[in-house]
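**Q** sharing a model prediction with you, sequence too.
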Amino acid sequence: MPNPVDAITPDATCRVLRAGPAFVGKQGLSYTPAISAESVGARGLHMQIVTIPPGARAKAHKHEGHETAIHILSGRSGMWYGPALEHHAEAGPGDFVYIPADMPHLPYNASETEPCLAVISRTDPNEQESVVLLPELDAIPPAAPRASG
């Protein structure tokens, strides 16, 4: 069994930082990055905040070779998922969502009035590099019921 101390690089250290400037990702949503290869030299994960405006939805996509964990802070999010986006799930404040590597999915905001705010962590330290858009799936999900706020 390898010694965990051997895995620590000479320049590795603990860090506290604030989230960086927001950007719009390939998926079409607004992300505020924090922990990543770029910000702290992370080698196996990244963490950021996603904001889904009221009534908005992402583009259908998957994260090639990488798992995703999401924690909903506020608002409600729905998600179509599966090879043909045939499955559906909804999550609200305090809920955690797991998305396996290579799983097609299309998240959306289930409210017409309230933004959805969530923390995302993924096993890709570079975040956007593993994003594969699936335009052939963008029109597949039927309209989901909308919450009123």
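**A** All right, it came through fine.
**Q** I120 sits in which helix or strand?
**A** Assigned by DSSP states H and E, I120 belongs to strand 116-122.
**Q** parallel or antiparallel, list what pairs with that strand.
**A** Sheet pairing of strand 116-122 (DSSP bridges) gives strand 46-52 (antiparallel), strand 68-74 (antiparallel).
**Q** how about the ones you listed in JSON lines, adding distance to F23?
**A** For every residue, glycine as well, the C-beta is placed using N, CA and C. Listed next are the strands paired with strand 116-122 as JSON lines, based on distance: least, C-beta to C-beta, whole Å:
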{"stretch": "strand 46-52", "distance to F23": "10"}
{"stretch": "strand 68-74", "distance to F23": "18"}
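**Q** now do the contacts for S121.
**A** L45, H46, M47, T68, A69, I70 (C-beta atoms under 8 Å, 6 or more residues apart in numbering).
**Q** for the fourth one, which non-adjacent residue is spatially closest?
**A** If I follow you right, that is T68. What sits nearest to T68 in space, not counting adjacent residues and going by C-beta to C-beta, 6 or more residues apart in numbering, is I99, at 4.1 Å.
**Q** and if you look at the third one?
**A** Beyond its immediate neighbours in the sequence, the residue positioned closest to M47 (C-beta to C-beta, 6+ apart) is I35, lying 4.1 Å away.
**Q** and the last one, by the same measure?
**A** The spatial neighbour of I70 that comes closest, neighbours along the chain excluded (C-beta to C-beta, 6+ apart), is V97 at 4.1 Å.
**Q** tally of neighbours for that neighbour?
**A** 19 (other C-beta atoms under 10 Å).
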